[in-house]
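Q: here is a sequence together with a model predicted from it:
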Amino acid sequence: MFIEVDELTKNYYVGNVKITALKEVSFTLEKGGFYVILGPSGSGKTTLMNMLGGIDTPDSGKVIVDGEDITLLDAKSLTNYRRKKLGFVFQFYNLVHSLTVYENVLSTKYLSENGLDPREVLETVGMWEHRDKFPFELSGGEQQRVAIARAVIKNPSLILCDEPTGALDFENAKKVLELLEYINKKYKATIIVATHNNAIARMSTKIMRLRSGELLEFMDNPLPIQAKEVSW
Ligand SMILES: Nc1ncnc2c1ncn2[C@@H]1O[C@H](COP(=O)(O)OP(=O)(O)OP(=O)(O)O)[C@@H](O)[C@H]1O
Ligand SMILES: [Mg+2]
């Protein structure tokens with residue numbers, strides 16, 4: 001099993017008020033799959049992604065990735081995990097505005113020892129022709145494709161995408177989904193997408209449905225649809 005989440009619980013405290021962002025969430029995922037975490041706003045998707053990415057620590061429970069419980073890692077090992085094994089794609093792209101497309105992608109290549117060729121990756125995401133542009137010269141969809149390239153160039157075994165299409169119109173969202181699907185096949189990276197969009201969840205072989213921090217359902221979807229068939 002590539003990912004094993006066991007009884008994961010996270011509470012936040014705002015003053016005296018306790019907010020349960022995740023409550024005893026457990027599931028397992030196999031290597032190389034394309035998975036969706038589905039839930040409405042506030043259901044705990046980002047909290048769960050941050051736990052999987054070692055960005056935040058849980059109150060209790062385990063997050064085992066590739067045989068290693070990342071909740072037990074010290075700061076240095078955790079940084080290593082994030083640098084080498086993980087690609088993170090955010091809703092609002094998070095590109096460096098003073099760097100060109102090419103430089104944005106190149107800047108993360110050397111975080112990993114087995115980084116890919118920037119030209120190949122930029123061609124894969126359809127942004128090679130735009131390599132000398134700055135982020136402000138790109139559409140939202142194009143920026144997201146660069147952000148995906150930046151995650152992919154490290155050749156990570158796990159790519160976490162938190163609402164990667166949340167800021168995009170339908171056409172661009174679909175292009176991003178097609179790209180993630182292609183990258184999942186081409187580079188064999190395990191991809192987890194967090195979304196509130198039911199239509200996107202149909203692409204996943206396993207759907208993790210969150211509601212108020214609880215895993216309502218861990219559903220098998222034996223006939224996942226392709227990105228090009230997604231509509232809303
Ligand atoms: N740093 C924090 N401090 C306090 N409460 C927080 C914090 N981060 C998240 N929460 C709360 O935890 C719950 C889960 O939040 P989370 O961001 O994981 O939801 P989400 O499913 O990603 O929502 P969205 O779709 O709006 O991004 C919410 O009730 C939120 O208000
Ligand atoms: Mg969120």
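A: Received, thanks. Remember, predicted model here, so these are calculated numbers, not experimental data. Ligands and ions are numbered 1, 2, ... in the order given.
Q: please make it C-alpha for all contacts and neighbour counts, starting now.
A: Noted.
Q: what's the next secondary structure element after the longest helix seen in the chain?
A: Using DSSP state H to define each element, the chain has its longest helix at helix 170-187. Sequence-wise, the next helix or strand downstream of helix 170-187 (DSSP states H and E) is strand 190-195.
Q: packing partners for that following strand?
A: Packing contacts for strand 190-195, counted by 3 or more Cα pairs under 8 Å, 6 or more residues apart in numbering; DSSP states H and E, involve strand 34-38, helix 45-52, strand 158-162, helix 170-187.
Q: pLDDT score for the residue nearest to residue 31 when sequence neighbours are not counted?
A: Of all residues beyond its chain neighbours, the one nearest residue 31 is residue 2 (5.0 Å), with distances taken as Cα to Cα, 6 or more residues apart in numbering. Reading off the per-residue confidence, residue 2 sits at a pLDDT of 97.
Q: cool, and residue 154?
A: The per-residue pLDDT reported for residue 154 equals 94.
Q: ok, and what's touching stretch 86-100?
A: Identification of contacts with stretch 86-100 by Cα atoms under 8 Å, 6 or more residues apart in numbering yields 53, 104, 131-136, 143-144, 147-148, 150-152, 154, 156-167.
Q: same thing but 7 Å
A: Around stretch 86-100, the neighbours that count as contacts under Cα atoms under 7 Å, 6 or more residues apart in numbering are 104, 131-135, 143-144, 147-148, 151-152, 156-167.
Q: report the buried members of these.
A: Among these, the ones that count as buried by 16 or more other Cα atoms under 10 Å are 104, 131, 134-135, 143-144, 147-148, 151-152, 156-166.
Q: filter those down to the ones close to ligand 1.
A: Among the buried ones among the contacts of stretch 86-100, not one lies near ligand 1 by Cα under 6 Å from any ligand atom.
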